[in-house]
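> Predicted model, plus sequence, below.
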Amino acid sequence: MKSNWTIGIIGGSGLYQMDALEDAQWISIDTPWGKPSDDVLCGRIGAVQVRFLPRHGRGHRIPPSAVNARANIDALKRAGCTDVLAISAVGSLQEELEPGRFVVVDQFIDRTRGRDSSFFGTGMVAHVSMAEPVCERMAGFAAAAVENAGGKVARGGTYLAMEGPQFSTRAESLLYRQWGADVIGMTAMPEAKLAREAELPYALVGMVTDYDCWREDAAFVEVSDVIAQMEANGTIARKAVEQFMAALPEKRGPSPLDTVLDHALITSPDARDPAMLAKLDAVAGRIL
Ligand SMILES: CSC[C@H]1O[C@H](OP(=O)(O)O)[C@H](O)[C@@H]1O
Ligand SMILES: Nc1ncnc2[nH]cnc12
């Protein structure tokens, strides 16, 4: 039976390939926003169409500040994705979120700077809500899939997106804890904002790799810890992706996030810039 889900997977640090995909082919996709991080691996897992994009490119060529999130999200939309599951390595800002834990986040604090964080702008202005930044349905499927794969999951958590590429100072790490952040990373913003603008329901599974640097009694994070922990979690992560696809209901019912642009556009039709509209063909083609 054919499924009407097409799941985009954005793979973070340590996740540059997806062997579970059948009939898989790397496809180059051009976007009006420039080049995505890499070609998109298009295939299926069982009945579900899957589009996999390594966020930093194969070989981890692209640093967080240079990830072209607009091109990545546009490419996934162009590749027919209905929903996006993002996977990230994260540092823990809470004692009880130990390395090895999976956190299905439900909130973000955006501390990134200077990244292109909207598809819209002069000539076509839009304001989408980010009050609930994550798709509850996708997050629920993701949490269940990780549990079924044998992972220990925290359902909910606030992800602080920092600019990087340097890790935080201890003062920053302590401040973010005071703000109530649970995990820290460098890439989920503006990715989650752009997925919302592109009407792609989005969920993010963070794999805790370290305790950042707020603990006086523990070593501060190094890249080698992140990669070692990602490798240790690799089997669960791969199983979780397969479980996720297998557990999707056969038919995808509509999500309220499929139509957020119905309430978001403010520029009157006669004031819209045709060049801007042309660039929005994939992201907002449904209503423009
Ligand atoms: C390799 S350590 C820092 C690096 O890892 C995380 O990447 P991703 O979110 O793509 O898994 C973090 O955000 C940094 O980009
Ligand atoms: N401590 C940390 N800070 C920022 N990004 C990370 N990715 C993994 N661990 C991290």
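It's in. Only a predicted model underlies this, so the values are computations on that prediction, with no experimental measurement involved. Residues are numbered from 1 along each chain as shown. Ligands and ions are numbered 1, 2, ... in the order given.

> Could you list the buried residues of stretch 41-51?
Buried residues in stretch 41-51, counted by 16 or more other C-beta atoms under 10 Å: 41, 42, 43, 44, 45, 48, 49, 50, 51. C-beta here means a position set from N, CA and C on the backbone, and glycine is covered the same way.

> which one of those is nearest ligand 2?
Distances from ligand 2 to the buried residues of stretch 41-51, taken as C-beta to the nearest ligand atom, are shortest for residue 41 (22.9 Å).

> does the closest one count as helix, strand or coil?
For residue 41, the secondary-structure state derived from DSSP: H, G, I helix; E, B strand; the rest coil is strand.

> ok, now which ones touch it?
Contacts of residue 41 were listed using C-beta atoms under 8 Å, 6 or more residues apart in numbering, and they are 17, 18, 21, 24, 25, 26, 27, 51, 52, 53.

> Out of the buried residues of stretch 41-51, which two sit at the greatest distance?
Greatest spatial distance among those (C-beta to C-beta): 41 and 48, at 14.0 Å.

> Backbone dihedrals for residue 121, please?
In terms of degrees, to the nearest 10, the main-chain angles of residue 121 are phi 170, psi -160.

> ok, now how distant is the residue in the chain that ligand 1 sits nearest to from residue 180?
Closest approach of the chain to ligand 1 (C-beta to the nearest ligand atom) occurs at residue 12, with a separation of 2.2 Å. Taken as C-beta to C-beta, to the nearest Å, the spacing of residue 12 relative to residue 180 amounts to 23 Å.

> still on that earlier bit, from the buried residues of stretch 41-51, which is closest to residue 263?
After measuring these against residue 263 - C-beta to C-beta - the closest member comes out as residue 51, at 27.2 Å.

> Surely that closest one is within a helix?
No - counting by three-state DSSP, one finds residue 51 to be strand, located in no helix.

> Verify the stated contact: it with residue 40.
Yes - the pair formed by residue 51 and residue 40 meets the contact definition of C-beta atoms under 8 Å, at 5.2 Å.

> these two touch, right, residue 71 and residue 28?
No - using C-beta under 8 Å, residue 71 is not in contact with residue 28; the gap is 11.9 Å.

> Comparing these two, which shows the higher neighbour count?
More neighbours surround residue 71 than the other of residue 71 and residue 28, with 21 against 10 (other C-beta atoms under 10 Å).

> Run the chain-centre distance for the helix or strand where the more buried one lies.
Assessed by DSSP states H and E, residue 71 sits inside helix 69-78. Relative to its parent chain, helix 69-78 has a centroid offset of 11 Å by C-alpha atoms, centre = their mean, to the nearest Å.

> just checking, next helix/strand downstream of that helix?
Scanning forward in sequence from helix 69-78, with DSSP H and E defining helices and strands, the next element found is strand 83-92.

> How much space separates residue 257 from residue 143?
The separation that residue 257 has from residue 143, given C-beta to C-beta, amounts to 18 Å.

> Based on its surroundings, how many neighbours for the residue of the chain closest to ligand 1?
26.

> again with residue 146
Residue 146 sits with 27 neighbouring residues when counted by other C-beta under 10 Å.

> Looking at it now. What's its pLDDT?
Turning to residue 146, the model gives it a pLDDT of 97.

> what helix or strand does it sit in?
According to DSSP H and E, residue 146 maps onto helix 136-148.

> quick one, that helix and strand 83-92 angle?
Inter-element angle recorded for helix 136-148 and strand 83-92: 60 degrees (by axes from the mean of the first three to the mean of the last three C-alpha atoms, to 10 degrees).

> Can you list the strands that the helix or strand that helix 136-148 is followed by pairs with?
Next along the chain after helix 136-148, taking DSSP H and E as the criterion, comes strand 153-155. The sheet places strand 153-155 alongside strand 102-104 (parallel), with pairing taken from DSSP bridges.

> If we go by neighbour counts, what in the helix or strand just after the partner strand is buried?
Tracing the chain C-terminally past strand 102-104 and defining elements by DSSP H and E, one meets strand 107-110 next. Taking 16+ other C-beta under 10 Å as the basis for neighbour counts, the residues of strand 107-110 that come out buried are 107, 108, 110.

> Note down every partner strand of strand 107-110 and its orientation.
Strands that pair with strand 107-110, judged by DSSP bridges, come out as strand 158-161 (parallel).
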